[in-house]
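Visitor: coords please:
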Amino acid sequence: MPYRVNYHDAIDVNRLVAVTESLVDARQVIDAVTVEVPPAAGRLAAVEDPVLGLDLRVIQPPQTLETAHGLPVVYLGGTVDPRDNWQATATAALRPHPAIIINSRRERPTREGQDAEASVRWRRDHLFFADVALYWFSDGDPDPIAMLELGLVVDRRVRLAVGASPRCTRRAALAAHLRYVDTADLHDTFADTVAAASRLVEDRPAGQLAMSRMLSEPAAVAWTLRHAIESARHPDLPDRLDEIAGEAGRAGGVGFEPSLLTRIYVAVDRLRLDGSDPLGWAQLHDAAIALSARHRSD
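Guide: Numbers count the residues shown, from 1 in each chain. Reported below is the predicted structural model:
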């Protein structure tokens, strides 16, 4: 049974440090890390995680996906209608496949105008994980954010299953755009769209997609994490710290040195308490230098 080694941070979130094959290995990792990074003592824990096996998992806001562990990832985008939870139907249809479903539908609405930027950021960040994207546009005007997302996905060559109701006002424009995409057609019914997504999950070649490869290559993840650290600025520090912690969580799933990731989490915790803490900034930038030295592409 696989285990996670998690760091419990200052905002009560468990951050992924490492994945091990057994509890014994997890405890060895914890012992080694706490010797090298004493501030982490008492904040590391081993957790049995059957989700790391071959099973379907659904991620919805405000949950986040740290790493896919080699499973195909299906992003559900398009219309979000309180009267028609088509995302639940699609998830049930995809259940026979070992996969991770990213469902952008937020079941617990926030107050009007609240967390709009955070919601867009969540959707943007989780698009990076997608191997397959299922977009369904129902009757009426499509969500403009979903249309923008679809454009981003096309640019990244994610395999697409796109469908639109005959009463979707932008159906003709969608059909015209998808004619230039070799891997996508516009489906006429929801059932056909879900069936197409199922075929794409079944036929997914290992490592075919550029972004999926990047997320499994330590050198590429190291570059992304270092960029997040070096671009951090005081005016938007809370958002930057969340981004750094999120990138570190992804790194935990691709074989990064656990003590290095823990040093990043400890530094982020210091900066949450005091954004001008010079030791926190020094620890982050030291970690960025170490990333380049230890996870360099050949």
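Visitor: All the strands of this structure, in order from the start?
Guide: Assigned by DSSP state E, the strands in the chain fall at 3-8, 14-20, 44-48, 57-59, 73-78, 100-103, 132-137, 159-164, 186-187.
Visitor: could I get those as JSON lines with distance to Arg226, mean pLDDT and mean neighbour count?
Guide: Where C-beta positions appear, they are placed from N, C-alpha and C, glycine not excepted. Output for these, formatted as JSON lines (distance: least, C-beta to C-beta, whole Å; pLDDT from 0 to 100; neighbours: other C-beta atoms under 10 Å):
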{"stretch": "strand 3-8", "distance to Arg226": "19", "mean pLDDT": "86", "mean neighbour count": "23"}
{"stretch": "strand 14-20", "distance to Arg226": "17", "mean pLDDT": "81", "mean neighbour count": "23"}
{"stretch": "strand 44-48", "distance to Arg226": "23", "mean pLDDT": "87", "mean neighbour count": "17"}
{"stretch": "strand 57-59", "distance to Arg226": "26", "mean pLDDT": "83", "mean neighbour count": "18"}
{"stretch": "strand 73-78", "distance to Arg226": "24", "mean pLDDT": "91", "mean neighbour count": "27"}
{"stretch": "strand 100-103", "distance to Arg226": "25", "mean pLDDT": "90", "mean neighbour count": "23"}
{"stretch": "strand 132-137", "distance to Arg226": "28", "mean pLDDT": "93", "mean neighbour count": "27"}
{"stretch": "strand 159-164", "distance to Arg226": "29", "mean pLDDT": "91", "mean neighbour count": "26"}
{"stretch": "strand 186-187", "distance to Arg226": "40", "mean pLDDT": "91", "mean neighbour count": "21"}
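Visitor: Out of the ones you listed, flag the one nearest Glu243.
Guide: Among the strands of the chain, strand 14-20 comes nearest to Glu243, with 12.9 Å by C-beta to C-beta.
Visitor: elements contacting the closest one?
Guide: Counting contacts by 3 or more C-beta pairs under 8 Å, 6 or more residues apart in numbering; DSSP states H and E, strand 14-20 packs against strand 3-8, helix 23-36, strand 44-48, helix 237-252, helix 258-273.
Visitor: so can I have TSV of these showing distance to Phe137?
Guide: As requested, the helices and strands packed on strand 14-20 are exported to TSV (distance: least, C-beta to C-beta, whole Å):
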stretch	distance to Phe137
strand 3-8	37
helix 23-36	45
strand 44-48	39
helix 237-252	29
helix 258-273	39
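Visitor: any idea which of those scores lowest on pLDDT?
Guide: Mean pLDDT per stretch puts helix 237-252 lowest among the helices and strands packed on strand 14-20, at a mean of 73.
Visitor: Give the ranges of residues in the stretch 101-250 of the chain that sit below the confidence cut-off.
Guide: 107-115, 155-157, 182-183, 204-220, 232-239, 250 (pLDDT under 70).
Visitor: What ranges does it have for its helices?
Guide: 116-127, 144-155, 171-178, 190-203, 210-216, 218-230, 237-252 (DSSP state H, counting those that start in this stretch).
Visitor: what's the spacing between the residue nearest to Ala196 when sequence neighbours are not counted and Val181?
Guide: Excluding the flanking residues, the one nearest Ala196 by C-beta to C-beta, 6 or more residues apart in numbering is Ala161, at 3.9 Å. Distance from Ala161 to Val181, counting by C-beta to C-beta, to the nearest Å: 12 Å.
Visitor: residue contacts, the spatially closest residue to Ala32 that is not a sequence neighbour?
Guide: Distances taken as C-beta to C-beta, 6+ apart place Ser259 nearest to Ala32, at 6.9 Å, with adjacent residues excluded. By C-beta atoms under 8 Å, 6 or more residues apart in numbering, the contact list for Ser259 reads 32-33, 36-37.
Visitor: Considering those residues, which possesses the most neighbours?
Guide: Highest neighbour count within the contacts of Ser259, by other C-beta atoms under 10 Å: Val33, with 24 neighbours.
Visitor: so it sits right up against Val17, yeah?
Guide: Yes. With contacts counted by C-beta atoms under 8 Å, Val33 reaches Val17, the gap being 7.1 Å.
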